[in-house]
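Visitor: When you get a sec, could you give me coordinates for this:
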Amino acid sequence: MGFRGDAVKVESVQLEALIELFDKQTELKKIRSEHEVLSSGAHLIQKQDDILAVAQEVSAQRSKVEDIERETKRVAGDLELVEKRIEKDLALVNQSTNPKDIQGIQHEMETLTKRKDELETIELEMMESIDDETSKLEQLLEHKRVLENELDSAKAASKSDLASLEGAILELEDKIGKLRASAPEDVLAIFDQRALRGVPIGKLLKSTCGACNMSLTSTALNDLHKVPGDELARCPECTAILVR
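Guide: This is a model prediction of the structure:
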C-alpha cells in the first residue's frame, strides 16, 4: 500500500465518519483515564492524611487538657488540706493559754498561709491554662469536623462524577460502535492498523497533513492528486489516511 493510494474505494462521508470515530476514540480514552484516576481515590488521600494529622493533634491536645485538669485537682486537694490545717491551728490558738505553744502555732500558720497563697496562685494560673488549652482543643475539633465534611463532600462529588463519566463512556462506546459498523471493513482495517502507531487519519490542509503536521513536498502532492477522488489516499510521511 503506497502513499498515493491503496486502490480502496471510499466515500467522503465515510472518511468524515472515520475522523469522528478517531475523535470519539480519543475522547473515550481521556474519559476512561479520568474514570480510572477518580476511581483510585488518589485525590482523596491528601484530605484523609490531613484529617489523620489533625486527629493526632486532637489526641495530643486532649491529653494535655486532661493532664492540666488532673494537676488542678491535685492542687485543689492540697489547698483544701492547707485551709483545714489553718482552721485547725486557728482553733488551737484560740484555745491555748501557753505563750510558747501559741507562738509555735502562729509560726506554722504563717508558713501555711504562705503555702496557701502559692497554691491559690498556681490554681488560678492552671484554671486560665485549662481555658486556653480547652479552647485550642475545641478549635482543633472544629477544624477536624470541617475537614471531615470536606472529605464527605469530595466523596459525594466523586460518586456523582463517576456516574457521569460512566454514562459518557457508555454513550461514546455506543457511538463508536455505530461509526465502526458504518465503515467499510477494508478501510477500517487500515484505520485500526495505523491507530496502533499514532494518529490514523487527518485532513489535508493545503500541503500539510493533519495527522502528523508535516508539510508535503510538491512531488508528493502531485502524486496525491493523481489518486482518484473515490479511493483511499495516505500520507507519504506517516501513512495516515488523508481526507482531501
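
Visitor: which other helices and strands contact the top strand by length along the chain?
Guide: If you go by DSSP state E, the chain has its longest strand at strand 201-205. Packing contacts for strand 201-205, counted by 3 or more C-beta pairs under 8 Å, 6 or more residues apart in numbering; DSSP states H and E, involve helix 12-40, strand 241-243. Just so you know, the C-beta spots here come from the backbone N, C-alpha and C atoms, and that holds for glycine as well.

Visitor: Give me the contact list for the last one.
Guide: Where contact means C-beta atoms under 8 Å, 6 or more residues apart in numbering, the residues beyond strand 241-243 that reach it are 12, 15-16, 18-19, 187, 190-191, 194, 200-204, 209-211, 224, 232-235.

Visitor: Nearest the middle, which residue of the chain would you pick?
Guide: The residue lying closest to the centre of the chain (C-alpha atoms, centre = their mean) is residue 43, at 3.0 Å.

Visitor: mind listing what residue 90 touches?
Guide: By C-beta under 8 Å, 6+ apart, residue 90 lies in contact with residue 109.

Visitor: Residue 224: how many residues sit nearby?
Guide: Residues lying near residue 224 (other C-beta atoms under 10 Å) number 21.

Visitor: how about the nearest residue to it, chain neighbours excluded?
Guide: Closest residue to residue 224 apart from its sequence neighbours, by C-beta to C-beta, 6 or more residues apart in numbering: residue 233 at 5.5 Å.

Visitor: about what we covered before: what mean pLDDT does whichever helix or strand comes after the longest strand of the chain have?
Guide: Toward the C-terminus, strand 201-205 is succeeded by strand 208-209 as the next helix or strand (DSSP states H and E). Throughout strand 208-209, pLDDT has a mean value of 96.

Visitor: what does the domain assignment say about this structure?
Guide: As assigned by automatic domain parsing, the chain contains the domains 12-36+184-243, 41-181.

Visitor: Pick the most deeply packed of those domains.
Guide: Among these, domain 12-36+184-243 has the highest mean neighbour count (mean count of other C-beta atoms under 10 Å), at a mean of 16.
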